[in-house]
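> Output the structure for:
(one chain, ligands or ions: 2)
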Amino acid sequence: MTNPDKLFSTPIANLGDWTFDERVAEVFPDMIQRSVPGYASIISMIGMLAGRFARPGSRIYDLGCSLGAATLAMRRAVTAEDCRIIAVDNSAPMVDRCRRHLEAFRADIPVEVLHADIRDVPISNASLVVLNFTLQFLEPEDRQQMLNRVFAGLNPGGAVVLSEKMSFQDAEIGELLFNMHHDFKRANGYSELEISQKRSMLENVMLTDSVETHKDRLRQAGFGHGEIWFQCFNFGSLIAIKPAHRPENAG
Ligand SMILES: C[S@@+](CC[C@H](N)C(=O)[O-])C[C@H]1O[C@@H](n2cnc3c(N)ncnc32)[C@H](O)[C@@H]1O
Ligand SMILES: O=C(O)C(=O)C[C@]1(C(=O)O)C=C[C@@H](O)C=C1
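Ligands and ions are numbered 1, 2, ... in the order given. Coordinates of the predicted model:
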């Protein structure tokens, strides 16, 4: 049983900015499940993607791993020989719990959990890089550079999975999907107070981009193109593949 998220159920005088602190880490599985439509599907399908993209002797990165849900799904699914997973988060309470979580299950794939800022972690020999609802917490001016580094660290034929809460250029559709997300939260038992307090805490620290912006950034990083492989309301996930080396005289 996970602890229920009741963090914002009573009025808070000074809301302040959102952080991934001890209290959030403690209720995180319940919180993210009830807040992100499609979260469980995305996690299990990241496992499937890892099974497909993992190459022998390569690394898989889970950037902003929180409690390690994506890492666990990938560790279960990867069959390629001599792979290792590097899971990174800059929240100490998340990293502590993530390590304990991973130790609770036996597995053949080694996992290194790093307490670090994803902007400082070298990326190399990667067959898959996962940013599952993490890029949205970087300052917008750091996002392109991050994706450039992901591209540079991927082996040819490797992929990036980029899941984000998104905004929409079409104002009417944007408003509908935003409202549907709030309906989703209400249906999962969150009150108007909980929804609005969390929203105002996230306001300054989680700035969302449009699907077009994400695709432009992926293109600029060198991926050629990226495409949505999952979407529910204003939450979605893109995939982009680093072109494989083409033989010298390929037409
Ligand atoms: C919404 S959670 C990610 C959920 C997680 N990927 C999953 O699939 O369950 C965002 C995570 O990113 C981490 N984070 C945010 N900015 C970061 C940064 N600059 N470096 C490392 N981790 C970061 C937060 O501490 C938080 O745990
Ligand atoms: O936008 C919201 O209301 C959210 O709750 C989103 C979101 C996210 O996308 O990361 C924000 C913080 C929590 O980590 C869980 C979910």
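> what's the spacing between residue 184 and ligand 1?
16 Å (C-beta to the nearest ligand atom, to the nearest Å). Every residue, glycine included, has its C-beta placed from N, CA and C.
> can I assume that residue is in contact with residue 37?
Yes: the criterion here is C-beta atoms under 8 Å, and residue 184 meets it with residue 37 at 5.0 Å.
> Surely residue 182 is in a helix?
Yes: judged by DSSP: H, G, I helix; E, B strand; the rest coil, residue 182 forms part of a helix.
> And the helices in this structure, which stretches?
Using DSSP state H, the helices of the chain run over 22-35, 39-53, 69-77, 92-103, 140-153, 171-187, 192-202, 211-218.
> out of those helices, nearest to ligand 2?
Ligand 2 lies closest, by C-beta to the nearest ligand atom, to one member of those: helix 22-35, at 3.5 Å.
> Would you mind writing the CA trace of the closest one as PDB?
The C-alpha coordinates for helix 22-35 follow below in PDB (Å, rounded to 0.1, in the frame of the first residue of the first chain):
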ATOM      1  CA  GLU A  22      10.400  14.400   1.900                       C
ATOM      2  CA  ARG A  23       6.700  14.900   2.100                       C
ATOM      3  CA  VAL A  24       6.200  14.600  -1.700                       C
ATOM      4  CA  ALA A  25       8.500  11.600  -2.000                       C
ATOM      5  CA  GLU A  26       6.500   9.800   0.700                       C
ATOM      6  CA  VAL A  27       3.200  10.000  -1.200                       C
ATOM      7  CA  PHE A  28       4.600  10.200  -4.700                       C
ATOM      8  CA  PRO A  29       3.300   6.900  -6.100                       C
ATOM      9  CA  ASP A  30      -0.300   7.800  -5.200                       C
ATOM     10  CA  MET A  31       0.200  11.500  -6.200                       C
ATOM     11  CA  ILE A  32       1.500  10.800  -9.700                       C
ATOM     12  CA  GLN A  33      -1.000   8.000 -10.400                       C
ATOM     13  CA  ARG A  34      -3.900  10.300  -9.500                       C
ATOM     14  CA  SER A  35      -2.400  13.400 -11.200                       C
END
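> So what touches it?
By C-beta atoms under 8 Å, 6 or more residues apart in numbering, the surrounding residues in contact with helix 22-35 are 2-7, 39-40, 66-67, 69, 91, 93-94, 96-97, 133, 185, 188-190, 198.
> Then stretch 93-112?
20-22, 24-26, 28, 65-68, 71-72, 74-76, 78, 83-87, 89, 113-115.
> what does the stretch 1-150 of the chain have sitting close to ligand 1?
20, 32, 64-66, 69-70, 88-91, 94, 117-119, 132-134, 137-138 (C-beta under 6 Å from any ligand atom).
> Could you tell me which of the residues you listed count as buried?
Buried residues within those, counting neighbours by 16 or more other C-beta atoms under 10 Å: 20, 32, 64-66, 69-70, 88-91, 94, 118, 132-134, 137-138.
> Can you turn the buried subset of the contacts of stretch 93-112 into a selection I can paste into ChimeraX?
The following ChimeraX line selects those of the contacts of stretch 93-112 that are buried, judged by 16+ other C-beta under 10 Å:
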select :20,24,25,26,28,65,66,67,68,71,72,74,75,78,83,84,85,86,87,89,113,114
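> Looking at the stretch 1-150 of the chain, which residue is nearest ligand 1?
residue 64 (2.9 Å).
> ok, that residue to residue 178 distance?
The spacing between residue 64 and residue 178, counted by C-beta to C-beta, to the nearest Å, is 23 Å.
> next one: the helix-or-strand element of the chain with minimal mean pLDDT to chain centre, how far?
In the chain, no helix or strand scores lower on mean pLDDT, DSSP states H and E than helix 192-202, which sits at a mean of 91. Centre-to-centre, helix 192-202 and its host chain are 21 Å apart (C-alpha atoms, centre = their mean, to the nearest Å).
> any residue of it up close to ligand 1?
No: against ligand 1, helix 192-202 shows no contacts by C-beta under 6 Å from any ligand atom, the least distance being 10.3 Å.
> For that helix, name the packing helices and strands.
Counting contacts by 3 or more C-beta pairs under 8 Å, 6 or more residues apart in numbering; DSSP states H and E, helix 192-202 is packed against helix 171-187.
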